[in-house]
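**Student:** A structural model of the following input is requested.
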Amino acid sequence: MLAGSLSCSLSSCFTGIESTKKVSLSREDKKLIAPSPEEEFFKGVSPLPLAEWQPGKRFIAADNKTILIFSQHGLPAEPDSARIGGKTLSFVRTEPKLEPDGSYSATIVFSDGSNSYRYNSGKNVDTAPHEIYSNQIPMLIDLDMVDDARELLKDKDLWLKTPLWYDNNGNRVMGKKFVEVSITDVQSGDLAFPLRVKFSDANGKSAWLFMNYGVSGSETRTFSNLFSLSDIRKRYPQITDETWDVICNGNVKIGMTKEECKLSLGNPNDVNRGHDYSQILDLWQYPNGTVLWFEDGLLTRFRK
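**Tutor:** Numbering: from 1, shown residues only. Below you'll find the model as predicted:
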């Protein structure tokens, strides 16, 4: 009801109005932007091309569904063999596979020590070594990249950018954002996010974050989107401690500026802007239904 009434007031009372939706940058546009300190810091955690894999290179099956990527020919018939979630698979070799058109594709052979698993890449055997990277095999997590991330992050003090934490059982818990934490471990993750990062805050509370390598998968949970190398609060000396407490808990309060609301909730999905004869009015809407109403840049009403 509030969103509807606000939209109505914006469209009927303003002498001027515009609606602006969030614009996403293309991959090419992003390449033109200088990397952040966080992106530079984490770029060492990178995948290897198939040409550089050595026999014994380790991967972990993220889920029992991983069995579906392998050729059924040659797989053991025992039901237990299909339950490979959590198993470590080692790279053995690459084999050519004759295709119906007479060309050869690259088949990558893995082993769990007892059984062999063949993944047909569909890539030409001559070009595959330089086209396939270790983060591109579906449902397999490159354990070398997990080790690299652990070596880089463990015992490092960082500042969180997200209040969405996970407990030891993988359940979501609401934490705080923009607080300092110490990284205590990095482990393999799941089908969506290959890294699980464990941390503890100043009060000794431990939790986890699911994270992408930073080079594939969802770009919303890369290292640079989840962590800061420096205290973000120092960039905004004008914000009071009381307001920071609201922001860190992902909340808003009447009187907050648009900048403060963005720090707390992120960028809105939809913005309606207009003015009457005495003030500038803004209506922000978020995908989760949250609505913010500003007058002359200050929050006057909200619905969460």
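**Student:** where do the strands of the stretch 51-200 of the chain begin and end?
**Tutor:** 58-61, 88-98, 104-111, 116-124, 140-142, 157-160, 164-166, 172-174, 180-188, 195-201 (DSSP state E, counting those that start in this stretch).
**Student:** again, but for the stretch 201-304 of the chain
**Tutor:** Taking DSSP E, counting those that start in this stretch as the criterion, the stretch 201-304 of the chain contains strands spanning 206-211, 227-228, 270-275, 280-285, 291-295, 298-303.
**Student:** helices or strands next to the first one in the packing?
**Tutor:** Helices and strands in packing contact with strand 206-211 are listed as strand 164-166, strand 195-201, helix 223-226; criterion 3 or more C-beta pairs under 8 Å, 6 or more residues apart in numbering; DSSP states H and E. Bear in mind the C-beta positions are built from the backbone N, C-alpha and C, glycine included.
**Student:** what's the closest of those to residue 256?
**Tutor:** With C-beta to C-beta as the criterion, residue 256 lies closest to strand 164-166 of those, at 21.0 Å.
**Student:** what is the closest one packed up against?
**Tutor:** Using 3+ C-beta pairs under 8 Å, 6+ apart as the test, strand 164-166 ends up in contact with strand 172-174, strand 206-211.
**Student:** out of those strands, which one sits most buried?
**Tutor:** Neighbour counts (mean count of other C-beta atoms under 10 Å) averaged over each of those peak at strand 206-211, with a mean of 20.
**Student:** for residue 148, list the residues it contacts.
**Tutor:** By C-beta atoms under 8 Å, 6 or more residues apart in numbering, the residues touching residue 148 are 44-45.
**Student:** same thing but 6 Å
**Tutor:** Contacts here follow C-beta atoms under 6 Å, 6 or more residues apart in numbering; on that basis residue 148 touches residue 45.
**Student:** where's it relative to residue 154, distance?
**Tutor:** Counting by C-beta to C-beta, to the nearest Å, the gap from residue 148 to residue 154 is 11 Å.
**Student:** repeat for residue 42
**Tutor:** Distance, residue 42 to residue 154, using C-beta to C-beta: 14 Å.
**Student:** the two: who's more crowded?
**Tutor:** residue 42 (24 against 14; other C-beta atoms under 10 Å).
**Student:** report the separation between the nearest residue to the more buried one once chain neighbours are set aside and residue 165.
**Tutor:** Distances taken as C-beta to C-beta, 6 or more residues apart in numbering put residue 223 closest to residue 42, at 4.1 Å, once the chain neighbours are dropped. In this structure, residue 223 lies at 16 Å from residue 165, with C-beta to C-beta as the measure.
**Student:** same deal with residue 276?
**Tutor:** Residue 276 sits 42 Å away from residue 165, going by C-beta to C-beta.
**Student:** what's the answer for residue 239, then?
**Tutor:** Residue 239 sits 23 Å away from residue 165, taking C-beta to C-beta as the criterion.
**Student:** neighbour count: the two, which is higher?
**Tutor:** residue 165 (21 against 17).
**Student:** for the chain, what are the low-confidence residue spans?
**Tutor:** Scanning the chain for pLDDT under 70 picks out the ranges 1-33, 74, 76-81, 214-219.
**Student:** mind giving me the domain ranges of it?
**Tutor:** 2-22+236-303, 27-44+146-233, 50-132 (automatic domain parsing).
**Student:** to residue 138, which of these lies closest?
**Tutor:** Among those, if distance is taken as C-beta to C-beta, the winner is domain 50-132, at 5.1 Å.
**Student:** end to end, how far does that closest one reach?
**Tutor:** Distances were taken as C-alpha to C-alpha, to the nearest Å; on that basis the terminal residues of domain 50-132 are 6 Å apart.
**Student:** so what's the gap between it and the chain middle?
**Tutor:** What separates the centre of domain 50-132 from the centre of its chain is 26 Å, taken as C-alpha atoms, centre = their mean, to the nearest Å.
**Student:** renumber starting at 808 from here on
**Tutor:** Let's use 808 as the start, then, which means that last one is domain 857-939.
**Student:** how near is residue 916 to residue 841?
**Tutor:** Distance, residue 916 to residue 841, by C-beta to C-beta: 41 Å.
**Student:** who has more neighbours, these two?
**Tutor:** In this view residue 916 and residue 841 are compared by other C-beta under 10 Å, and residue 916 has more residues nearby, 19 against 6.
**Student:** list the residues that contact the more buried one.
**Tutor:** Residues counted as contacts of residue 916 (C-beta under 6 Å, 6+ apart) are 899-900, 923, 925.
**Student:** what distance do you get for it to residue 1058?
**Tutor:** Residue 916 is 53 Å from residue 1058, where distance means C-beta to C-beta.
**Student:** looks like residue 1077 contacts residue 1093 (just checking).
**Tutor:** No - distance between residue 1077 and residue 1093: 8.2 Å, which falls outside the contact criterion (C-beta atoms under 6 Å).
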